[in-house]
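> Give me a model of this one.
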Amino acid sequence: MDGQFTATGLIVAALAAFIVGLSKGGLPGVGTLAVPLLAWVMPPLSAAALLLPIYLLSDWVGLYLYRRHYSPENLQTLIPSALVGVAIGWVASASLSGPFIGMMIGFVGVCFCLNIWLAQWIQPIVSDKPRSIVAGVFWGAVSGLTSYVSHSGAAAFQIYVLPQRLEKLKFAGTATILFAIVNAAKVVPYWSLAQFPTMTLSATAYLAPIAILGTIAGRRSLDAIPTKLFFSLVQIVLLSVSLSLIVRYAAELSPLKPIP
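Sure, this is the predicted structure:
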């Protein structure tokens, strides 16, 4: 990988790639952890750009695995609005600093955890409501925007889709197809902003097999592991990493920080 990663960086990048694979294999919430982890060893938006080819490769495996399991009604609403969210992220990120984006990634992670943990009170309020196109447009746009910033659109997607109580495979397939399209739409914006690290090609060759293994493992683990325990551990790690990113980048943005 052109010597641009330390040994620790290589381990973190490999773990992030495996997490990406797990998310594409049917555990979409896990993917929220990948960019915050990698943001510890490189600039946040560059971390997102480095992982984008891994997402794209994993998408193909996920599309094959879930080609017969998805909700066309949800996709008709979510895909166009998510693409609008990507466009908003493209326009906004050109004027945002790396530390600010790092803090955004941290806040998205914290909000994701809070959404999951508060669901036992929120879900009874929204679960009886029918699928709303207006809500779908809103959460689809939020999903596209947060996906652009840190590949973490799963939180907004889940807020909208979970109350519909879709069958497990249909839920996973809908997420897989939506974010496969969103990820493909992010290539041009990332390229135009020159965010792809110089070692992207060699890194992709190194990380792709790990991500593919993660995708297969994610699909097999969907029925084989205690889902509640697994996601609880992931959420605890995500909250810890996200809070540390907020503290780290808040210090860099502090007006009290000496100017070099």
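> Just the element for the closest residue to M103 other than its chain neighbours, please.
Using C-beta to C-beta, 6 or more residues apart in numbering and skipping residues adjacent in sequence, the residue nearest M103 is Y249, 4.5 Å away. All C-beta atoms are positioned from the backbone trio N, CA, C, and that covers glycine. Taking DSSP states H and E as the definition, one finds Y249 inside helix 227-253.
> Could you do F107 as well?
Here F107 sits within helix 98-117, counting by DSSP H and E.
> Can you name every helix or strand that that helix contacts?
Other elements packing on helix 98-117 under the criterion 3 or more C-beta pairs under 8 Å, 6 or more residues apart in numbering; DSSP states H and E are helix 34-38, helix 44-65, helix 133-150, helix 154-161, helix 227-253.
> Can you flag the weakest of those by average pLDDT?
Least confident of the helices and strands packed on helix 98-117, judged by mean pLDDT, is helix 227-253 with a mean of 71.
> how deep is the closest residue to T204 other than its chain neighbours tucked in, by neighbour count?
Using C-beta to C-beta, 6+ apart and skipping the chain neighbours, the partner closest in space to T204 is P53 (4.4 Å). P53 is flanked by 21 other residues according to other C-beta atoms under 10 Å.
> Then V188?
Neighbour number of V188 under other C-beta under 10 Å is 11.
> list the contacts for it?
With contact taken as C-beta atoms under 8 Å, 6 or more residues apart in numbering, V188 is in contact with no other residue.
> Sticking with it, tell me its helix or strand.
Secondary-structure element containing V188, defined by DSSP H and E: helix 187-192.
> and the gap between V86 and Y190?
The spacing between V86 and Y190, counted by C-beta to C-beta, to the nearest Å, is 10 Å.
> higher neighbour count, the two?
Residue environment comparison for V86 versus Y190 gives the larger neighbour count to V86, 25 against 21, counting by other C-beta under 10 Å.
> The more buried one touches G144, doesn't it?
Yes. Counting by C-beta atoms under 8 Å, V86 does reach G144; the two are 4.5 Å apart.
> list residues touching both of those two?
Residues touching both V86 and G144 comprise V182, with contact defined as C-beta under 8 Å, 6+ apart.
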